[in-house]
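Asker: Below is the structure, and that's it, no one-letter string:
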């Protein structure tokens, strides 16, 4: 026996044949399939909306901060930084621009001063010393070198006597560069010891902006080992030139002077100083 579907439209027409089809029961049964489908879809959409609603609402809430467990990093020192005012910052920027544009002045080169050679004074022919009187009339300003004279006790001899007149070259007053010296000036313990003293005594000013500043200091090592004529031709600002001069003047340890032609002379020296400001 086949199954009967009473909801089929054929059965619906058969049941309501000859009856008032405008009655509500006919309309309800005829539209039952579409009504059920609409109700099912509406219920499905409603349930889906209810399920998604908490997720949508949670996306608008502020997320709590993520707290990480503390690591054992020891004592952490936090330094409070005070930023300079706009006017002070503009002044610092101008000074830094001047430092960057500063040209390094090459040390002056000095020409070698030729020592003066003193010529011996001419002697008139009438005043020539006789061979028998050699060694008696010697100039007070000359150096005489006389060989061993072999002869009679009275001083007469047939061998000639040789005398030499020499002049000591004058010490140049103008400072010389180390490149032409026989021996350059040397600080006790070496140049590294001198740089170490300078760095330990140099007081860096408080500058807010980190930067690297270079200073070129010139000075003269005198024949007695002292340093004079300390100067900074191009000041980088922040009174760093005054500080460099102060530090070099405070060093009382004397240098071993430079040697030129066997004599201690004045020597021009330059010392570059680099300051790292963090």
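Answerer: Nice, I can see it. As the structure is a prediction and not an experimental result, all values here were calculated from the model.
Asker: mean confidence for stretch 49-63?
Answerer: For stretch 49-63, the per-residue pLDDT values average out at 80.
Asker: Not counting the helix or strand where residue 272 lies itself, show me its contacts.
Answerer: Per DSSP states H and E: residue 272 is located in strand 267-277. With CB atoms under 8 Å, 6 or more residues apart in numbering as the test, strand 267-277 has contacts from 107-108, 110, 175-178, 181, 184-185, 195, 198, 202, 204, 207, 209-221, 227, 240, 244, 248, 257-258. From N, CA and C alone the C-beta is placed, and that goes for glycine too.
Asker: Going by neighbour count, which residues of it are buried?
Answerer: 267-271, 273, 275 (16 or more other CB atoms under 10 Å).
Asker: Tabulate these (CSV), appending pLDDT.
Answerer: CSV is the format used below for the buried residues of strand 267-277 (pLDDT from 0 to 100):
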residue, pLDDT
267, 92
268, 90
269, 85
270, 87
271, 86
273, 84
275, 80
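Asker: Most widely separated two among these?
Answerer: Spanning the widest gap among these are 267 and 275, at 25.7 Å by CB to CB.
Asker: on that earlier part again, can you select the buried ones among the contacts of strand 267-277 for me in PyMOL?
Answerer: PyMOL command restricting the contacts of strand 267-277 to the buried ones, with burial defined by 16+ other CB under 10 Å:
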select buried, resi 175+176+177+181+184+185+198+202+207+213+215+216+217+218+219+220+221+227+240+244+248+257+258
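Asker: Helices - which of the contacts of strand 267-277 land there?
Answerer: With helices defined by DSSP state H, the entries of the contacts of strand 267-277 inside them are 195, 198, 240, 244, 248.
Asker: contacting residues for the fourth one?
Answerer: When contacts are counted by CB under 8 Å, 6+ apart, residue 244 is found next to 202, 215, 217, 232, 273.
Asker: Low-confidence stretches in this structure?
Answerer: For the chain, the stretches flagged by pLDDT under 70 are 1-12, 18, 23, 61-89, 94-169, 278.
Asker: can you give me the helices in it?
Answerer: Taking DSSP H to define them, one finds helices in the chain at 9-15, 24-30, 32-59, 86-101, 191-201, 240-250.
Asker: Residue 42: neighbouring residues, count only.
Answerer: 10 (other CB atoms under 10 Å).
Asker: Could you export the buried residues of strand 267-277 as CSV, including distance to residue 55?
Answerer: Formatted as CSV, the buried residues of strand 267-277 follow (distance: CB to CB, whole Å):
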residue, distance to residue 55
267, 85
268, 82
269, 79
270, 75
271, 73
273, 67
275, 61
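Asker: And those residues, which is closest to residue 48?
Answerer: Nearest member of the buried residues of strand 267-277 to residue 48, counting by CB to CB, is residue 275, at 71.2 Å.
Asker: Before I go, just wanted to say thanks for your time.
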